[in-house]
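J.: Structure for this input, please:
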Amino acid sequence: METKKKILIVEDEKNIAQVLQYNIIKSGYDAEIASDGGSGLVRALSGEFDLVLLDIMLPVMNGFEVCEQIRLKSQIPIIFVTAREEEKDKILGLDTGADDYVTKPFSFKELLSRIRANIRRSAGEPIAEKKAEEAAPVVIGDLSIDCAKYLVTKGGEPIELSKKDYDLLAFLAANLGRAYSREELLEEIWGYENYYGDTRNVDVTVCRLRNKIEADPSKPEYLMTKRGVGYYLRRP
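T.: Numbers count the residues shown, from 1 in each chain. Model (predicted):
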């Protein structure tokens, strides 16, 4: 019998946490609650869970701090579930290493879609790493993408990327010159089959990636926008 996937809910509002737990268990998962950031961090790093739902405004440690600390030791999928909907909060949340960002109020059907997608991505073979041990690094200008080592360098210097940054760059590098819409990238990189994803996730990730690989992010040479279509990677 297949073991149920287990989700950690880090949420200090008891009624919200209990509603989430009830619906998650009803959907076929196991779920536990941590009511503050400190205990949430300890539980998230225990190795018992397959995904973390994380609020931002928490006692002891806020969600951004928890996410940063988790990412120092674990690649467990993290979804922020929060009432903070400003763009700067979403950017900060994704920058600290979260895989997704959902704002309250939300439909549970949408959240469930994102939970399934992130667990599936985490359990499956990473994008652009298929047969990675056999693949030579992809070289585009002074960028090198080594799938075998999960390493990106520019001019020989390593670039620190989150998993989503890497997945997006590796996917576009494998399809050099082809433009993909935000919706297509949500499906390919985030795994949202029914388009419950927020296209701003794509824009935020593209912006963050440009800041890391471009000499002048306002005048990109690698990661380009094709107006009315989407994003693509090219040789400079």
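J.: quick one: contacts for Asn175?
T.: Tyr232, Leu233 (Cβ atoms under 8 Å, 6 or more residues apart in numbering). Where C-beta positions appear, they are placed from N, C-alpha and C, glycine not excepted.
J.: can you offset everything so residue one is 644?
T.: Yes, from this point I'll number from 644; that puts the last item at Asn818.
J.: From the centroid of the protein, which residue is nearest?
T.: Asp742 (2.1 Å; Cα atoms, centre = their mean).
J.: State the number of residues packed around the nearest residue to that residue once chain neighbours are set aside.
T.: Using Cβ to Cβ, 6 or more residues apart in numbering and skipping residues adjacent in sequence, the residue nearest Asp742 is Pro720, 4.8 Å away. When neighbours are defined as other Cβ atoms under 10 Å, Pro720 has 24 of them.
J.: so Pro720 makes contact with Arg759?
T.: No. With contacts counted by Cβ atoms under 8 Å, Pro720 stays clear of Arg759, the gap being 10.7 Å.
J.: Against Gly834, how distant is Ala760?
T.: Ala760 is 4 Å from Gly834, where distance means Cβ to Cβ, to the nearest Å.
J.: Tell me where this structure has helices.
T.: 657-669, 680-687, 706-714, 730-738, 751-766, 806-817, 825-828, 842-856 (DSSP state H).
J.: Let me know the angle separating the fourth one from helix 706-714.
T.: It stands for helix 730-738. If you take axes from the mean of the first three to the mean of the last three Cα atoms, to 10 degrees, helix 730-738 sits at 10 degrees to helix 706-714.
J.: shouldn't Lys855 be in contact with Glu800?
T.: No. With contact defined as Cβ under 8 Å, Lys855 and Glu800 do not form a contacting pair (11.2 Å).
J.: For these two, indicate the residue with more neighbours.
T.: Lys855 (16 against 8).
J.: which residues of the chain score low on pLDDT?
T.: Counting by pLDDT under 70, the ranges of the chain that qualify are 644-645, 766-778, 835-841.
J.: if we go to 50?
T.: Where the chain drops to pLDDT under 50, the residues are 768-777, 837.
J.: List the buried residues of stretch 803-816.
T.: 804-816 (16 or more other Cβ atoms under 10 Å).
J.: Check stretch 753-769 too.
T.: Within stretch 753-769, the residues that count as buried by 16+ other Cβ under 10 Å are 753-762, 764-765, 769.
J.: Also stretch 711-731?
T.: By 16+ other Cβ under 10 Å, the buried positions in stretch 711-731 come out as Gln712, Ile713, Arg714, Ser717, Ile719, Pro720, Ile721, Ile722, Phe723, Val724, Thr725, Arg727.
J.: OK, contacts around the second one?
T.: With contact taken as Cβ under 8 Å, 6+ apart, Ile713 is in contact with Leu684, Ala687, Leu688, Val695, Ile719, Ile721, Gly740.
J.: Got a quick ChimeraX command for the buried subset of those?
T.: Here is the ChimeraX command that selects the buried residues among the contacts of Ile713 (16+ other Cβ under 10 Å):
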select :684,687,695,719,721,740
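J.: wait, which of the contacts of Ile713 is closest to Ile668?
T.: Using Cβ to Cβ, Val695 is the member of these that sits closest to Ile668, with 16.1 Å.
J.: From what I see, that closest one and Glu654 are in contact.
T.: No. Look at Val695 against Glu654 with Cβ under 8 Å: they stay out of range, at 10.7 Å.
J.: if we can go back for a sec, for Asp785, which of the helices of the chain is the nearest?
T.: helix 842-856 (9.6 Å).
J.: and that closest one with helix 806-817, angle?
T.: On the basis of the same axes, to 10 degrees, helix 842-856 is oriented at 80 degrees to helix 806-817.
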